[in-house]
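Novice: I'll drop the sequence and a predicted model, then ask my questions.
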Amino acid sequence: MGDASPDALIGCIIRGRYRILEPLASGGMAQVYRAEQRPSGPMVAVKVHQGSEQSPERDPSVQRFVAEAATLAKLHEPHTVRVLDYGQHTPGLCFIVMELIEGRTLSEILQQEGALDAQRALRIAIQIARALREAHAIGVIHRDLKPSNIIMTQRGHERDFVKVVDFGLSKDLNQPLDLTATGTFYGAPPYISPEQVSGTDQDQRLDIYSLGIILYQMFSGRVPFDYPKALDTLMAHMEKPVPPLTIHGQPAPELLSALVLRCLAKTPDGRWPSMQHLLPELERALQDLQPAPDPADTDSQQTLVMTATRDAVRAAGHAAADTQDTRVMTALEQRALAEHPAPARRPAPAQPAARASWKWLALLAGCALLWALWRLFSSG
C-alpha cells in the first residue's frame, strides 16, 4: 500500500454505497481502506480481499475471509470491532465493512511509551478479556492476539477504550474443519502459545496465553521471549521458563507475577480455565492496586452512599405507601451503612452547667410573664 502506483479501488463504490477514499493498512491477506458511506453516512473502514476469480468458492483464502466476516457479525461486545456489512463485490473480491476506529494500536503505544503504569495495563487487559470472553462463549478463538491487533481509542473521558480487531486467523470450535491449511504456520512468534507451536489440540486457553504475553509486555516493556531467529523464539515458548516479571526494573508484586505466570503456563491445564475465570482475577488485581480511601473522607462517602440509595429507590418508581417506602429506605440505608461504616466519633463535649441554668431561668421568666398578662386581661 505504500507504493506510488494508483490503487485500482480508490474511488470505487462497493455495493452501491461505500465509496473507497484512501488506504489505511495492508496485511498479507487483505487491505483496509477508509470509505464514505453514501449518501451522507459516517466514515467506515472497508477490508477487502482478492481471491481467485475463476473459482472463489474453492479458494481457501476466500473461505477464511468469509468466515472472519461471519464470526465478527456474531460479536456485539463494545470492545470488539463492529461489523456493518459484508459480501462479495466482484468474483473473488470480498469485503467487510466495519466501524472506523481512530486511534493508536497498543503496539504503537508500547513502542512510544515503553512499560505502562500497572493500573493502566490492567484496565486494558480487562477490556481485552471482556471482548474475548464473548467470542469464546460462542466457540470462537482469536489465535492471533497481539498488540498490533488491539486499537486504543478515545471514548468520552476514557482515553484507553479498547477495540480488538483482526479475527482473520480465528477458529470456530463448532466447525469440524479448520480453514487454516495443514502445516501452515500462523500467529506472531513472540505471542504464540506452545500448543500452536507444537500443533497439538487448541482451545480458548491459547488466547489466555497470548493475553499473558501482552500483560507481561505492558508491565515490563518487553516480551518474555524474543530472539533474532523466529524458531528460537518458538522453541522458548515450549521449553524455557518465563523470566521473572519486573516493573520499572523492580520485582513485580507477587500478586501480579502469579497472575501473569499462570496465564503463561506451558500446558493449557495450568492456565485459567477460561476468560470468564481470568476476568475477575484481573479486576481484583486492579482493585488491590488502587489506593485505600482516606478515612477523613468517610463522612462524605457515607453522604454519597445515602444519596445514591435514595435516588435509586426514587428511580425505581415504587408505588408502595409512604410507610412501605420508609421501610424500604430504612433497609437500604442500613445495608449501605453496614458496607460503609462510619469512623468512631468523639462524644460531644458536655454543655457547661451555667449555660443550662440560664436556659431554664429564661423559660420560667417567659411563663411568668404569660401568666401575669392572662390575669391582667381576665380581671379587666
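Specialist: Arrived safely.

Novice: In contact with the closest residue to Cys263 other than its chain neighbours: list those residues for me.
Specialist: Counting by CB to CB, 6 or more residues apart in numbering, Cys263 lies nearest to Gly212, which is 2.7 Å off, once chain neighbours are set aside. Glycine gets a C-beta too; all of them are placed from N, C-alpha and C. Applying CB atoms under 8 Å, 6 or more residues apart in numbering, one finds that Gly212 lies in contact with Val260, Arg262, Cys263, Leu264, Arg271.

Novice: Turn the buried ones among the residues you listed into a named PyMOL selection, would you?
Specialist: Restricted to the buried members of the contacts of Gly212, where burial is judged by 16 or more other CB atoms under 10 Å, the PyMOL selection command reads as follows:
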select buried, resi 260+263+264+271
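
Novice: that older thread, right, and the helix or strand after the one helix or strand the residue nearest to Cys263 maps to?
Specialist: Under the criterion of DSSP states H and E, Gly212 resides in helix 205-220. Moving toward the C-terminus from helix 205-220, the first helix or strand encountered (DSSP H and E) is helix 230-239.

Novice: Please enumerate the strands of the stretch 151-300 of the chain.
Specialist: Using DSSP state E, counting those that start in this stretch, the strands found in the stretch 151-300 of the chain span residues 158-164, 171-172, 246-247, 250-251.

Novice: Return the most buried member of those.
Specialist: strand 171-172 (a mean of 20; mean count of other CB atoms under 10 Å).

Novice: I'd guessed Leu245 sits against Gln217; true?
Specialist: No. Because the distance of 10.4 Å does not satisfy CB atoms under 8 Å, Leu245 is recorded as not touching Gln217.

Novice: Look at these two and report which has more neighbours.
Specialist: Summary of the neighbour comparison: Leu245 and Gln217, criterion other CB atoms under 10 Å, with Gln217 having more neighbours (23 against 20).

Novice: List the contacts of that one.
Specialist: For Gln217, the set of contacting residues under the criterion of CB under 8 Å, 6+ apart consists of Leu110, Pro147, Val223.

Novice: For this protein, give me the ranges with low pLDDT.
Specialist: Filtered on pLDDT under 70, the chain yields the residue ranges 1-6, 27-28, 52-58, 167-186, 292-362, 371-374, 376-380.

Novice: which residues in it form helices?
Specialist: Taking DSSP state H, the helices of the chain run over residues 60-73, 106-113, 118-137, 194-198, 205-220, 230-239, 254-263, 275-289, 298-315, 322-339, 353-379.

Novice: Using PDB, list the CA coordinates for the fifth one.
Specialist: In other words, helix 205-220. The C-alpha trace of helix 205-220 is given here as PDB (Å, rounded to 0.1, in the frame of the first residue of the first chain):
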ATOM      1  CA  ARG A 205      -6.800 -21.200  26.600                       C
ATOM      2  CA  LEU A 206      -4.300 -20.300  23.900                       C
ATOM      3  CA  ASP A 207      -5.800 -16.800  23.800                       C
ATOM      4  CA  ILE A 208      -5.200 -16.600  27.600                       C
ATOM      5  CA  TYR A 209      -1.500 -17.400  26.900                       C
ATOM      6  CA  SER A 210      -1.300 -14.600  24.300                       C
ATOM      7  CA  LEU A 211      -3.000 -12.200  26.700                       C
ATOM      8  CA  GLY A 212      -0.500 -13.200  29.400                       C
ATOM      9  CA  ILE A 213       2.300 -12.200  27.000                       C
ATOM     10  CA  ILE A 214       0.700  -8.900  26.400                       C
ATOM     11  CA  LEU A 215       0.300  -8.300  30.100                       C
ATOM     12  CA  TYR A 216       4.000  -9.200  30.600                       C
ATOM     13  CA  GLN A 217       4.900  -6.700  28.000                       C
ATOM     14  CA  MET A 218       2.700  -3.900  29.300                       C
ATOM     15  CA  PHE A 219       4.100  -4.300  32.800                       C
ATOM     16  CA  SER A 220       7.800  -4.700  31.900                       C
END
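
Novice: from now on call the first residue 895
Specialist: Shifting the count to begin at 895 puts that one at helix 1099-1114.

Novice: so it versus helix 1000-1007, what angle?
Specialist: Calculated by axes from the mean of the first three to the mean of the last three CA atoms, to 10 degrees, helix 1099-1114 forms an angle of 20 degrees with helix 1000-1007.

Novice: Tell me what angle helix 1099-1114 forms with helix 1124-1133.
Specialist: If you take the same axes, to 10 degrees, helix 1099-1114 sits at 100 degrees to helix 1124-1133.

Novice: How about the second one?
Specialist: Taking the same axes, to 10 degrees, helix 1000-1007 and helix 1124-1133 form an angle of 100 degrees between their directions.

Novice: Which residues does helix 1000-1007 contact?
Specialist: For helix 1000-1007, the surrounding residues in contact (CB under 8 Å, 6+ apart) are Leu1010, Ile1018, Lys1040, Pro1041, Ser1042, Ile1044, Ile1045, Met1046, Ile1108, Gln1111, Met1112, Gly1115.

Novice: returning to that earlier point: tell me the spacing between the residue nearest to Cys1157 and Ile1086.
Specialist: Summarising the geometry, the distance separating Gly1106 from Ile1086, computed by CB to CB, to the nearest Å, is 12 Å.

Novice: Same check on Leu1257?
Specialist: In this structure, Leu1257 and Ile1086 are separated by 87 Å, where distance is defined by CB to CB.

Novice: and the two? which has more neighbours close in?
Specialist: The residue with the greater number of neighbours, taking Leu1257 and Ile1086 and applying other CB under 10 Å, is Ile1086; the counts read 25 against 10.

Novice: which phi and psi does the more buried one have?
Specialist: In terms of degrees, to the nearest 10, the main-chain angles of Ile1086 are phi -90, psi 150.
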